[in-house]
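Trainee: Generate coordinates for the sequence data below:
(one chain, ligands or ions: 1)
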Amino acid sequence: MKLPVLLIVVFFAFSCKEKEWDEEMTYRQDNKTSRPILMDVNYKEQKLTVWKNENGDYLLDEDIKLYKNEVQELGPHTGLEKSKIIDWDQTSQVNITLWPSTSIKFKVDPSFSGSEKQPIYQALNHWKTKTNINFTEVGSNEKIYFRKVSSGCQASLGYPGNNGINTVDISPTCDVQSVTHEIGHVMGMIHEHQRINRNTYISLKPETFDFLRNNYASIYTLLIANLQKEQSNLEDPFPFDMGSVMMYGSYPRNNIPLQNDLISRNLPLFKKKMGAW
Ligand SMILES: [Zn+2]
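Mentor: Just a heads-up that it's a prediction; the model follows:
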């Protein structure tokens, strides 16, 4: 018997979770000297709305840094801020450059301790064993540089160009799964939950909007903007993958159980459609 398209599981309730939310948001806000600014930019010939942080990084979807040499600022974006209703179904077009070779040189910031380097090597090994990409550690002329930072896990999308380096920011909070996710961005992958066809498979719980608006009004637009759909210039013939490492909440992060991971990312409080997770 064919199952109708139904919402099958409401993932979890909000009760008892607010403490983790508050801790996470306090952590985030304490690590920023100023609130990010929502900017309109031209990036690789596409107009995008992104967040510019206090370091001057242009951030797409929380953890994707745009290559600065590809960014042309168009000015502060005010539309989302003023809007009472944020459309999480708005679609952005993102242009990504694929890597020209499967042999990629990387370098690890020498200031990482031996144990701090382990998640990086384990994540690289994960990619090596499951794909045809071959990573080689070098002392110079690297294309990927794993840089030690005090907070967050961030990377840029795709190939950095002939004279560029994709600098991946790794803090002590980034575990193997997080680094594996960031390497996915380096390879040119966007988030699974932001795929253009994601509405066939997931939806945001209606109460999530109210919860975010009521509890995190000052960053509400940031949270919703980070969930909007994206279409890249690359073909994506693969089926939607509920277990993708590129989907928030699909894998445990920093040894946090799944439901708490969804909370700690302060993002997708999804319900799922069409089949089991
Ligand atoms: Zn990401």
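Trainee: Dump stretch 59-77 to CSV, restricted to CA.
Mentor: This file holds the C-alpha atoms of stretch 59-77, laid out as CSV (Å, rounded to 0.1, in the frame of the first residue of the first chain):
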residue,chain,number,x,y,z
LEU,A,59,29.1,34.4,6.2
LEU,A,60,26.5,32.4,4.3
ASP,A,61,24.3,30.0,6.3
GLU,A,62,26.2,30.4,9.5
ASP,A,63,29.4,28.5,8.6
ILE,A,64,30.2,29.2,5.0
LYS,A,65,32.7,32.0,4.4
LEU,A,66,32.7,33.7,1.0
TYR,A,67,36.1,34.2,-0.6
LYS,A,68,36.7,37.9,0.1
ASN,A,69,38.4,38.6,-3.3
GLU,A,70,35.1,37.5,-4.9
VAL,A,71,32.9,39.8,-2.8
GLN,A,72,31.7,43.2,-3.9
GLU,A,73,29.6,44.9,-1.3
LEU,A,74,26.3,46.4,-2.5
GLY,A,75,25.3,47.8,0.8
PRO,A,76,23.5,46.9,4.0
HIS,A,77,20.4,44.8,3.5
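Trainee: I'd like to know the average pLDDT value across that stretch.
Mentor: On average, the pLDDT along stretch 59-77 is 90.
Trainee: Show me how far it is from its chain's centre.
Mentor: In terms of CA atoms, centre = their mean, to the nearest Å, the centre of stretch 59-77 is found 14 Å from the chain centre.
Trainee: Low-confidence bits of the chain, can you list those?
Mentor: Along the chain, segments meeting pLDDT under 70 span 1-35, 79-86, 205-208, 212, 215-216, 218-219, 222, 249-277.
Trainee: Could you pull out the helices in it for me?
Mentor: Chain-ordered helices for the chain, with DSSP state H as the definition, fall at 18-30, 79-82, 114-130, 176-187, 206-215, 220-225, 258-264.
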